[in-house]
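Peer 1: Give me the fold of what follows.
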Amino acid sequence: EMGVMLNRIILRFSSKGEPIDYLGQDGPRGMAFPYIYRMEITRNDEIVVVSRVPDRWLVYWFSPGGQHISTVEIPVYRLPMPEENLVPSLQDIFADPKMRRIYLKIDYYQRKLDDITGGVEGVDQVKSMIYWMDLEEGVYREGVEVPRNVVKEGDSLLDQTEQSYSYTLLGVPD
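Peer 2: Next up, the predicted model:
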């Protein structure tokens, strides 16, 4: 149905290193996951698994015992748009360490069109945003624009040019 192989599981071990079982999409011994992008453990020992398939991201949330709590699908075509005519690219997803919410870092691009042909000449990154999503309601909440990382490059003062880079979201603190 997703057009991908479901061949990933998470092995669980006791504190003594003995195998317990494995975790799948529906909980212990459940159906295998698609490609696992990230797995996190929250402060409450809940397990969060982030998977990717071609047209969406999937976030699976489990209790400390491995019981399935929720699954959120994030289709690429339904990402929040701060302005018209931008192309979004979801770069990363992190779980909140204390609450049932996730944070999404989205980069936005704009197509540069050739004045003569009207064809796409290039793509420029316009901005980056971090949104949070309430998993109870499955809706995006407040967005924060990430400032650009502007670096001066060049050997001498006369040769210097400014390059603009995007920051990477490394995680979410308490």
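
Peer 1: mean confidence score for the longest strand seen in the chain?
Peer 2: Taking DSSP state E as the criterion, the chain has its longest strand at strand 120-134. Strand 120-134 shows a mean pLDDT of 87.

Peer 1: Which positions in it come out as buried?
Peer 2: Of all the residues in strand 120-134, those buried under the rule 16 or more other C-beta atoms under 10 Å are 125, 127, 128, 129, 130, 131, 132, 133. All C-beta atoms are positioned from the backbone trio N, CA, C, and that covers glycine.

Peer 1: Of those residues, which is the nearest to residue 85?
Peer 2: Nearest to residue 85 among the buried residues of strand 120-134 is residue 127, at 12.7 Å by C-beta to C-beta.

Peer 1: Which residues are in contact with that closest one?
Peer 2: With contact set as C-beta atoms under 8 Å, 6 or more residues apart in numbering, residue 127 has these partners: 82, 107, 108, 145, 146, 148.

Peer 1: which is the next helix or strand following the longest strand of the chain?
Peer 2: The C-terminal neighbour of strand 120-134 among helices and strands, as given by DSSP states H and E, is strand 139-146.

Peer 1: following that next one, which helix or strand comes up?
Peer 2: Using DSSP H and E, the first helix or strand after strand 139-146 is strand 149-153.

Peer 1: Just the strands from this protein, written as ranges.
Peer 2: Under DSSP E, the chain gives strands at 10-13, 19-24, 27-28, 36-41, 47-53, 56-62, 68-75, 87-95, 101-113, 120-134, 139-146, 149-153, 161-165.

Peer 1: ok so, going back, out of the buried residues of strand 120-134, who's nearest residue 14?
Peer 2: Residue 14 lies nearest to residue 133 out of the buried residues of strand 120-134, by C-beta to C-beta, at 33.3 Å.

Peer 1: The closest one touches residue 106, doesn't it?
Peer 2: No: between residue 133 and residue 106 there is no contact under C-beta atoms under 8 Å: 11.3 Å.
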